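*Asks:* here's my sequence, what's the structure:
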Amino acid sequence: MVVSAGNFIRPYYPSTRIHHYLAQAGSTYVPGAPVAKVTATDEVLEAGADPASIVGFAAEAAPPAGVKGAVYMADEENEFVGHVQDAATPLNQNIGLDYGIVYDATNKIWRVDLSDAVATICHITQVLDPGVVNGRVVFKVLNAKRKILSS
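*Replies:* Reported below is the predicted structural model:
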């Protein structure tokens, strides 16, 4: 399966909750990027490599300073779909296992990293393209909580 910039992580169900947050000044994240809360503020920024905790995934590119941007909430109910890391092949045996996410610098998107079972944040619930290189999986976020940050 060919993956491009348009294959970013997105909600699996159309009813996924969205919350709006101010982006930290200078943020440049793109749709599908994992976003984390900035310590001591209610702003968000793109999570770094191997994030342990995220608020959700950006629904749009980082807004200008002082403007709120939409974030798909990583809560207990929401599921997301994403492509696995380059050249990996998802299998039904991946269901129920936990994996990390990795930034794909070529396509400028985040992907589920089946080679990372240590810095995990994704719990696989379905495999949409079993046996397909660069296939898609459905996952829940491991740190998901029923809590919205104040804004």
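*Asks:* could you check how far the residue lying farthest from the centre of the chain is from residue 22?
*Replies:* Of all residues in the chain, residue 66 has its C-alpha farthest from the mean position, at 23.5 Å, by Cα atoms, centre = their mean. Using Cβ to Cβ, to the nearest Å, we find residue 66 at a distance of 7 Å from residue 22. C-beta here means a position set from N, CA and C on the backbone, and glycine is covered the same way.
*Asks:* same check, this time on residue 10
*Replies:* Relative to residue 22, residue 10 is positioned 22 Å away (Cβ to Cβ).
*Asks:* and residue 96, by the same measure?
*Replies:* For residue 96 relative to residue 22 (Cβ to Cβ), the value is 36 Å.
*Asks:* of these two, who's got more company?
*Replies:* Taking other Cβ atoms under 10 Å, residue 96 and residue 22 do not tie; residue 22 has more neighbours (18 against 9).
*Asks:* any idea how this protein splits into domains?
*Replies:* 10-73, 80-141 (automatic domain parsing).
*Asks:* so residue 102, which state does it fall into?
*Replies:* Of the three states, residue 102 takes strand under DSSP: H, G, I helix; E, B strand; the rest coil.
*Asks:* beta-bridge partners for it, please?
*Replies:* Counting by DSSP bridges, residue 102 forms beta bridges with residue 111.
*Asks:* now do the contacts for it.
*Replies:* Counting by Cβ atoms under 8 Å, 6 or more residues apart in numbering, residue 102 touches 49, 85, 110, 111, 112, 113, 116.
*Asks:* check residue 116 too.
*Replies:* Residue 116 is in contact with 50, 99, 100, 101, 102, counting by Cβ under 8 Å, 6+ apart.
*Asks:* can you lay out those residues as JSON lines showing pLDDT and distance to residue 129?
*Replies:* Converted to JSON lines, the contacts of residue 116 look like this (pLDDT from 0 to 100; distance: Cβ to Cβ, whole Å):
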{"residue": "50", "pLDDT": "90", "distance to residue 129": "25"}
{"residue": "99", "pLDDT": "97", "distance to residue 129": "16"}
{"residue": "100", "pLDDT": "96", "distance to residue 129": "19"}
{"residue": "101", "pLDDT": "96", "distance to residue 129": "17"}
{"residue": "102", "pLDDT": "96", "distance to residue 129": "18"}
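*Asks:* right, I'll leave it there.
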